[in-house]
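Quick one, structure for this:
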Amino acid sequence: MSEKIAFAQACQRRDESIAEICDRFGISQKTGYKLWSRFRKEGIAGLEEQSRARITHPYRISAEVAERIISLRRKYPHYGAQIIHDLLVRIEPHRHWPAASSMVSSSNAKVSSNLERKDTLSASHRSRPEEPERTSLTSSGQLTSRESFVSDHEVHTAIH
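Below is the predicted model:
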């Protein structure tokens, strides 16, 4: 930090050109002009290190979508991310929904932290669920267990 302050002071004195000052401090002219500009606008605070992180994140899950995921997670606490995703797609097929892998994984901190903060994702839900009930086909080709799919009635009630 003291080097940057010394650079700004040298620029203020104007004994030399900015190019010569940059050469003396071993920095590029682009960096020198950037530091000088920030110093004139913000003072010494402008010389401090600034975050290089993006300000906007184009693929961030919106608050509205996160709330929809959370509400379905509350309503169906034993459903996994893929079933919740499929349910959302069936409810609103025209809307772009995030991939199931980004809904409740640790890679998407926003939804994951919302789920944990709202106590909808307990430790038992994070682990692999027990073996689901086996289904079998009847002679007419119908499933004998309702556990393996989401009915149209459940889709209708999830909307409201």
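
moving C-terminal of the helix or strand Lys41 falls within, what's the next helix or strand?
Counting by DSSP states H and E, the element that carries Lys41 is helix 29-42. Next in sequence after helix 29-42, counting helices and strands by DSSP H and E, comes helix 63-75.

Please work out which helix or strand belonging to this structure has the smallest mean pLDDT.
The weakest-scoring helix or strand in the chain, judged by mean pLDDT, DSSP states H and E, is helix 123-126 (a mean of 50).

re earlier: report all helices and strands that the helix holding Lys41 contacts.
Applying 3 or more C-beta pairs under 8 Å, 6 or more residues apart in numbering; DSSP states H and E, we find helix 29-42 packed against helix 2-13, helix 18-25. No exception for glycine: its C-beta is placed from N, CA and C like everyone else's.

and the angle for it with helix 2-13?
For helix 29-42 against helix 2-13, the angle by axes from the mean of the first three to the mean of the last three C-alpha atoms, to 10 degrees is 80 degrees.

Output helix 29-42 as CSV - backbone C-alpha positions only.
Extracted C-alpha coordinates of helix 29-42, given in CSV (Å, rounded to 0.1, in the frame of the first residue of the first chain):
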residue,chain,number,x,y,z
GLN,A,29,1.1,3.0,-17.9
LYS,A,30,-2.4,1.4,-17.9
THR,A,31,-2.0,0.5,-14.3
GLY,A,32,-0.5,3.9,-13.4
TYR,A,33,-3.4,5.8,-15.0
LYS,A,34,-5.9,3.5,-13.3
LEU,A,35,-4.3,4.1,-9.9
TRP,A,36,-4.0,7.8,-10.5
SER,A,37,-7.7,8.0,-11.6
ARG,A,38,-8.9,6.0,-8.6
PHE,A,39,-6.8,8.2,-6.2
ARG,A,40,-8.2,11.4,-7.6
LYS,A,41,-11.8,10.1,-7.3
GLU,A,42,-11.6,8.3,-4.0
